[in-house]
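1. How does the following fold in three dimensions:
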Amino acid sequence: MFDTFEKLADDPILGLVGAYKNDKNPKKIDLGAGVYKNIDGIAPVFDAIKCAETLKLENETSKTYTGIEGDPLFCETIQSLILGADHPAIKDGRSRAISAPGGSGALRVAGEVINGWKEGAHVWVSDPSWPNHTPLLATAGLTISDYPYYDGENHVIRTDQMMDQISKLGKEDTLLLHGCCHNPSGADLSFEHWQEIARLAEKNGFMPFVDFAYQGLGNGLDKDAEGMRYLVSKVPEIIIAYSCSKNFGLYRDRVGAAMIVTEQKASSEAAWTHMKSVARRLYSVPPAHGAILVGMILSDSDLKLNWEAELEEMQSRINSLRVLFTEAMVRKGSSIDYEFINSQNGMFSILGLTVEQVQRLQSEFSVYMVNSSRINIAGISPENVDYLADAIIAVQ
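-> Predicted structure coming up:
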């Protein structure tokens with residue numbers, strides 16, 4: 001069998017990791033993989049996570065399986081983090097969540113549930129979007145189409161075109177939205193956008209599906225959830241895929257949640273059984289270690305305060321790096337105005353360079369980014385920003 005296989009190309013983002021690692025240039029810069037890095041270039045372990053791990057190891061008595069839905073405390077507390085503890089959907093029992101292997105696992109569970117409702121159902125994904133959205137959902141059997149989102153030339157959301165397309169969606173359509181810190185553009189929906197999308201969903205009956213992977217990295221935990229929470233308050237049903245990779249630093253522990261909110265309690269209970277059935281078929285039971293830590297942190301006031309302080313520091317650093325970069329480009333005399341980067345949120349922005357320019361940055365300057373010129377802001381530092389600015393200007 002294996003003699004018939006042809007070698008596949010590396011993943012366009014993860015493949016950069018190996019190329020960067022093997023590069024001998026001491027000035028090399030990694031702006032590719034979407035991992036938060038501190039000033040030392042390390043993806044740190046949160047102190048709150050370390051404290052929770054110590055407590056867990058001291059008190060853990062078994063490594064037996066969790067249920068298919070995962071750790072109960074995680075499933076309870078993650079809903080409160082997403083919607084707010086006092087949200088009516090939680091109080092009324094109209095929301096349900098299951099633990100999943102990262103945000104990707106949550107997306108796949110959600111995709112399988114949608115396809116179980118209607119085989120080959122139509123899911124609309126922003127243009128551009130995280131590159132793995134389409135393969136994750138398409139392999140669940142869904143039909144994927146794009147809706148206009150980001151104008152890379154003018155660095156703004158294509159509001160008129162986006163709303164025109166969304167207004168045409170109907171009861172058999174699902175609309176995938178980025179909850180905050182849009183990947184790859186960094187250009188987030190305004191609260192007015194969320195209000196209009198809610199109005200159209202109420203009117204036309206399409207299903208909102210929110211990928212919420214960066215809560216807290218944009219404008220704070222509650223502010224980042226504001227638009228999505230408004231949407232939840234207006235529509236009868238919604239699906240949410242959540243990731244704890246970035247805001248808890250639990251990348252390789254694979255912690256995510258697939259969540260639904262329905263109009264009636266009975267509907268949420270039924271949908272929950274379908275989510276668990278999908279999970280059983282895909283991976284049987286989810287990994288527990290990281291999810292247990294999240295549940296511990298969110299249910300302990302001291303641990304939660306420590307985690308929130310660390311997350312706020314991370315958010316502040318990302319925003320300061322945006323300013324650092326734009327100021328460096330001005331100081332170095334860039335022919336391109338990068339001021340738009342300061343109005344964006346989260347770890348990502350698109351520089352607007354051509355594929356040829358991106359490849360020159362890699363081959364001539366050891367500056368690594370994906371071909372779309374999407375950069376991870378967290379890869380910038382006071383030590384490398386001048387070199388980065390000079391390199392970009394050299395290929396303009």
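2. Setting aside sequence neighbours, what's the nearest residue to K234?
-> A198 (4.1 Å; Cβ to Cβ, 6 or more residues apart in numbering). (C-beta placed from N, C-alpha, C; glycine too.)
3. if I read this right, that neighbour contacts P236, doesn't it?
-> No - contact between A198 and P236 fails when scored by Cβ atoms under 8 Å: they sit 11.4 Å apart.
4. Looking at the two, which one has more neighbours?
-> Between A198 and P236, A198 has the larger neighbour count (other Cβ atoms under 10 Å), namely 19 against 14.
5. all strands for the stretch 1-150 of the chain, in order.
-> 29-30, 95-100, 122-127, 143-148, 150-151 (DSSP state E, counting those that start in this stretch).
6. List the buried residues of the second one.
-> The reference is to strand 95-100. For strand 95-100, burial by neighbour count (16 or more other Cβ atoms under 10 Å) applies to 95-100.
7. Can you tell me which helices and strands the longest helix seen in the chain packs against?
-> Across the chain, the longest stretch assigned as helix under DSSP state H is helix 301-331. Applying 3 or more Cβ pairs under 8 Å, 6 or more residues apart in numbering; DSSP states H and E, one finds that helix 301-331 contacts helix 47-59, helix 289-299, helix 385-395.
8. Out of the ones you listed, the one nearest V156 is which?
-> Smallest distance to V156 across the helices and strands packed on helix 301-331 (Cβ to Cβ): 21.2 Å, for helix 385-395.
9. For the closest one, output the C-alpha coordinates as PDB.
-> C-alpha atoms of helix 385-395 as PDB (Å, rounded to 0.1, in the frame of the first residue of the first chain):
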ATOM      1  CA  VAL A 385      12.100  45.300  14.900                       C
ATOM      2  CA  ASP A 386      14.700  47.500  13.100                       C
ATOM      3  CA  TYR A 387      16.100  44.600  11.200                       C
ATOM      4  CA  LEU A 388      12.600  43.500  10.300                       C
ATOM      5  CA  ALA A 389      11.700  47.000   9.100                       C
ATOM      6  CA  ASP A 390      14.900  47.300   7.000                       C
ATOM      7  CA  ALA A 391      14.200  43.900   5.400                       C
ATOM      8  CA  ILE A 392      10.600  44.800   4.500                       C
ATOM      9  CA  ILE A 393      11.600  48.100   3.000                       C
ATOM     10  CA  ALA A 394      14.300  46.300   1.000                       C
ATOM     11  CA  VAL A 395      11.700  44.200  -0.800                       C
END
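10. So which other helices or strands are in contact with it?
-> By 3+ Cβ pairs under 8 Å, 6+ apart, helix 385-395 packs against helix 301-331, helix 355-365, strand 367-368.
11. now with 10 Å?
-> strand 29-30, helix 301-331, helix 355-365, strand 367-368 (3 or more Cβ pairs under 10 Å, 6 or more residues apart in numbering; DSSP states H and E).
12. what's the angle between it and helix 301-331?
-> For helix 385-395 against helix 301-331, the angle by axes from the mean of the first three to the mean of the last three Cα atoms, to 10 degrees is 50 degrees.
13. What residues does the spatially most central residue of the chain make contact with?
-> With distances taken as Cα atoms, centre = their mean, the residue of the chain nearest its centroid is A213 (2.8 Å). Contacts for A213 (Cβ atoms under 10 Å, 6 or more residues apart in numbering) come out as 34, 102-104, 106-107, 130, 178-181, 183, 241-247, 256, 346.
14. what's the answer for S233, then?
-> So S233 contacts 83, 87-89, 198, 261 (Cβ under 10 Å, 6+ apart).
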